[in-house]
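Enquirer: the sequence isn't on hand, but the structure is:
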């Protein structure tokens, strides 16, 4: 059968690609913080190479009865090989000394949670996000922000997505309960039985389904604040603000099936969480700037029925229950104040909170101070980009 030759050629090609990847990765100079990931990457590559050899051995028997199984194995192999080349290789092929800033943050996050403590750290260039695969999560972080400390707390939010993945069954149950609450809150007091009622039911169902993604983002925002405290609130607020009307309101068609809630709603919930923890001043500082921007843009809030104030208490309780389920590390009062960042064994959360304290209090000298910290704590200088 012709398919035999096709399968032999494809397995041979994948095997050669994997050999080139191993050669490339094995000799690439990388920060030592990336070594655990390289070991995991090479182990995964070896598994795929073994599959190639097994497929080729089966094909060499000339047994037609084995072709369907080999076809299935080859399909899986090709998909994994592509992921390896187009995603997981990126964290090694582009590695520089400056990666250790993000790598140390990610490593610290993983080690602070029992279910992720053995996961290696890796990331590549892109907007802040994560592929929360169990065992081998892959983070993304912007090129410029990688080279500083102010926006490192954004990784706390992405870690929240990994925690959700690790506790998916339990958290999905809590989210499902909240979705039922949303549906009941949207039901009219009296219901008609006509085309209009059918359309309204379709809209309600879309809103309920959209909340499955939205509540995960609210949860990850809450995880970010739970871990970092004020430094996360500041980093998130500064990074997410685009100074556009879409920060405050989007058209209804854009909301249906959207992956992220309106930014202003996320900020308001974070402010409420900060206030509940005693950080009224920090929350007010953020709120004033978002309100001032809204005034200049002449925009107001309109969530087109996707969010109602009557949902707030139940949403907050659900998020609190989700936090109890995953139990992320919680910042301390001293860490929120930036205490202990300059000790022999520096505290990361203290450092990142002090970064924002310093940034606000001495903006003109912040750049030089941050460069000193990067040199002393991370062994990095402006010339150490390769």
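Expert: Sure, I can see it. A quick note: this is a predicted structure, and the numbers were derived from the prediction, not measured.
Enquirer: which pLDDT value goes with residue 199?
Expert: Each residue has a pLDDT score; the one for residue 199 is 78.
Enquirer: now for the helix or strand hosting it, which elements pack on it?
Expert: Element membership of residue 199, judged by DSSP states H and E, is helix 195-228. Counting contacts by 3 or more CB pairs under 8 Å, 6 or more residues apart in numbering; DSSP states H and E, helix 195-228 is packed against helix 154-166, helix 168-186, helix 230-240, helix 263-276, helix 312-326, helix 348-361. Any C-beta I mention is one placed from the backbone N, CA and C, and that applies to glycine too.
Enquirer: would you mind measuring from residue 241 to residue 255?
Expert: Taking CB to CB, to the nearest Å as the measure, residue 241 falls 19 Å from residue 255.
Enquirer: those two: who's more crowded?
Expert: Taking neighbours as other CB atoms under 10 Å, residue 241 and residue 255 compare with residue 255 leading, 20 against 16.
Enquirer: and the more buried one, how far from residue 311?
Expert: 15 Å.
Enquirer: buried set for the helix holding residue 199?
Expert: 200, 203-204, 207-208, 210-211, 214-228 (16 or more other CB atoms under 10 Å).
Enquirer: same check on stretch 269-277?
Expert: 269-271, 273-274, 277.
Enquirer: domain ranges for this structure?
Expert: Domain ranges of the chain: 1-93, 154-333, per automatic domain parsing.
Enquirer: can you put these in a markdown table and add distance to residue 137?
Expert: Shown next, in a markdown table, are the domains of the chain (distance: least, CB to CB, whole Å):
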| stretch | distance to residue 137 |
| --- | --- |
| domain 1-93 | 10 |
| domain 154-333 | 5 |
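Enquirer: can you say which of those is packed in most?
Expert: For those, average neighbour numbers computed from mean count of other CB atoms under 10 Å are highest in domain 154-333, which has a mean of 17.
Enquirer: and the spatially closest residue to residue 162 that is not a sequence neighbour, what does it touch?
Expert: Nearest residue to residue 162 in three dimensions, chain neighbours excluded: residue 132, at 4.3 Å (CB to CB, 6 or more residues apart in numbering). Going by CB atoms under 8 Å, 6 or more residues apart in numbering, residue 132 touches 161-162, 164-165.
Enquirer: and of the residues you listed, the nearest to residue 250?
Expert: residue 161 (22.1 Å; CB to CB).
Enquirer: please name the nearest non-neighbouring residue to the closest one.
Expert: The nearest residue in space to residue 161 (CB to CB, 6+ apart) is residue 132, at 4.5 Å.
Enquirer: where in this protein is pLDDT low?
Expert: Applying pLDDT under 70 to the chain flags the ranges 1, 188-196, 383-386.
Enquirer: where does residue 242 fall, secondary structure wise?
Expert: Residue 242 belongs to no helix or strand, assigned by DSSP H and E.
Enquirer: measure it to residue 185 for me?
Expert: 30 Å.
Enquirer: same question for residue 26.
Expert: 57 Å.
Enquirer: same deal with residue 288?
Expert: For residue 288, the distance to residue 185 - CB to CB - is 31 Å.
Enquirer: residue 174: what's it in contact with?
Expert: Going by CB under 8 Å, 6+ apart, the list of residues near residue 174 reads 318, 321-322, 325.
Enquirer: which among those gets closest to residue 338?
Expert: residue 322 (28.1 Å).
Enquirer: can you tell me the centre-most residue of the protein?
Expert: Centroid-nearest residue in the chain: residue 158, 2.4 Å away (criterion: CA atoms, centre = their mean).
Enquirer: pretty sure that residue is touching residue 127, no?
Expert: No. Using CB atoms under 8 Å, residue 158 is not in contact with residue 127, being 10.8 Å away.
Enquirer: now residue 125. Its backbone dihedrals?
Expert: phi -80, psi 130 (degrees, to the nearest 10).
Enquirer: nearest residue to it in space, please, no chain neighbours.
Expert: residue 143 (5.0 Å).
Enquirer: thank you, goodbye.
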